[in-house]
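# Give me a 3D structure for the following:
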Amino acid sequence: MNSAEKSNCIVHTMRRRTFLGATAAGIGFVGMWPEVHTLAADVKDFLVGPPVKDITPTQLSKHVWMIFSPDGFPTPENRGMMSNVTFVVTSAGVVILDSGSSLQIGQMAIRMIKKVTPLPVVAVFNSHFHGDHWLGNHAFVEEYGSQLPIYALAKTQETIKGIQGNSWRVLMERWTQQSTAGTKVVPPNKTVEHGQKLSFGEIDLVMHHYGRAHTDADLSVEIVQDKVTSVGDIAMTNRIANMDDGSYVGTFKYFKALRENAGQQLWLPGHGKPSMDLLETYGQFLAGIYEPCLQAVKDGQSEAEAKQMVLQDPRVKKRATDMQGFESNIGKYTSIAYLEAEKEAF
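Numbering: from 1, shown residues only. As a prediction, this is how the structure comes out:
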């Protein structure tokens, strides 16, 4: 963090503490001072976290750019910048593929887009309902209006409108020590279905969904003319994925169907750098977790024994050192694989 950023944080913290102290002191005088009602109503708007540092976009193809996040998990230091924000520049305007983890990240993305093109953002797509992929919606509707189309699968829209939407907002604030404060829950306002095609100027976007993978509502968006497909979190380059809402078997089926229907593509993950072989390499890693668990179940071995088999699998061993979150998550996701294997085997 440079001196300017440190100064920013100090000022922000002082303003926050001073304001909260003043507000708390005034609570006892609400009856005497009616304006305190208005003051209290403004607290939420006043408490806005610090800006996120600019990340220069990388051009991936003729129309597609990515604001790449080097980190896979939220921290106070990265202020929630943990997932990629991708945008497509068309003659009709800019299309966003996942808007980031907060108001501040969305605002940074808008600053960066304006350095690439003067065209406005005309649509946003959310790949699924995990907050690091849609909490940035707030910035885009703030900049381009509440009627800005925000697309997602119906299950994603429903989940964000429910309790999970606000839960993700609160969790992101907690994980970043309030750096994302001020972010509001802005759910998708339009739904899409598998196989649907939407056109923006000269660019066609095709929607793909093949059942449960990372979640049960994973939308992949194919940018047809560029042979590029954004896959959200069904595959990651160097991060072990959260499988709490997902399925190993479903992921393998999704990969197969996506390859068959989209063909050869540059695959863009929500975390990590894009590549042509992303589905293959990440699929091998997941298979290195799931297949030993399935074999252990068939052989009547325990979950603990299955974990040792997973750790010795060459497909897992070769990725253990470059997968962010491996040590802290491999046990949990082996357990999930073992439970799924039990269901599949019986």
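# Tell me how this protein divides into domains.
Domains of the chain are assigned by automatic domain parsing as 3-46, 58-276, 286-345.
# Between the two ends of the longest one, how far is it?
Looking at domain 58-276, the gap from its leading to its trailing residue is 16 Å under the measure CA to CA, to the nearest Å.
# that older thread, looking at the domains of the chain, which is buried most?
Neighbour counts (mean count of other CB atoms under 10 Å) averaged over each of those peak at domain 58-276, with a mean of 21. No exception for glycine: its C-beta is placed from N, CA and C like everyone else's.
# pLDDT of that one, averaged?
The pLDDT scores in domain 58-276 average 97.
# Look at the nearest residue to Gly246 once chain neighbours are set aside and tell me its secondary structure.
Leaving aside its sequence neighbours, Gly246 sits nearest to His214 (CB to CB, 6 or more residues apart in numbering; 4.7 Å). At His214 the chain is in coil, as set by DSSP: H, G, I helix; E, B strand; the rest coil.
# residue contacts, His214?
His214 makes contact with His128, Gly232, Asp233, Ile234, Ala241, Asn242, Met243, Asp245, Gly246, Thr251, according to CB atoms under 8 Å, 6 or more residues apart in numbering.
# how near is the residue nearest the centre of the chain to Val170?
Centroid-nearest residue in the chain: His133, 2.9 Å away (criterion: CA atoms, centre = their mean). Distance, His133 to Val170, using CB to CB, to the nearest Å: 17 Å.
# same question, Trp65
For Trp65 relative to Val170 (CB to CB), the value is 31 Å.
# ok, now Lys114?
Taking CB to CB as the measure, Lys114 falls 30 Å from Val170.
# Likewise for Gly211?
Separation of Gly211 from Val170 (CB to CB): 29 Å.
# And the helices in the stretch 1-150 of the chain?
Along the stretch 1-150 of the chain, the segments classed as helices by DSSP state H, counting those that start in this stretch run 3-26, 35-41, 43-46, 103-116, 137-144.
# Counting by contacts, list what the fourth one packs against.
Using 3 or more CB pairs under 8 Å, 6 or more residues apart in numbering; DSSP states H and E as the contact criterion, the elements in contact with helix 103-116 are strand 64-67, strand 85-90, helix 137-144.
# JSON lines for the ones you listed, including distance to Glu342?
Formatted as JSON lines, the helices and strands packed on helix 103-116 follow (distance: least, CB to CB, whole Å):
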{"stretch": "strand 64-67", "distance to Glu342": "39"}
{"stretch": "strand 85-90", "distance to Glu342": "37"}
{"stretch": "helix 137-144", "distance to Glu342": "38"}
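# Out of these, flag the one nearest Ile336.
Nearest of the helices and strands packed on helix 103-116 to Ile336, taken as CB to CB: strand 85-90 at 27.9 Å.
# then stretch 172-179 to CSV, C-alphas only?
The C-alpha trace of stretch 172-179 is given here as CSV (Å, rounded to 0.1, in the frame of the first residue of the first chain):
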residue,chain,number,x,y,z
MET,A,172,-17.7,-9.6,2.0
GLU,A,173,-17.7,-6.7,4.4
ARG,A,174,-16.5,-9.0,7.2
TRP,A,175,-13.8,-10.7,5.1
THR,A,176,-12.4,-7.3,4.0
GLN,A,177,-12.7,-5.5,7.4
GLN,A,178,-15.5,-3.2,6.0
SER,A,179,-13.6,-2.3,2.8
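# which residues sit against that stretch?
Under CB under 8 Å, 6+ apart, the answer for stretch 172-179 is 16, 47, 49-50, 73-76, 78-80, 101-102, 104, 131-132, 135, 180-181, 183.
# go with 10 Å
Under the contact criterion CB atoms under 10 Å, 6 or more residues apart in numbering, stretch 172-179 has outside partners 9, 12-13, 16, 47-52, 73-82, 101-102, 104-105, 131-132, 135, 180-183.
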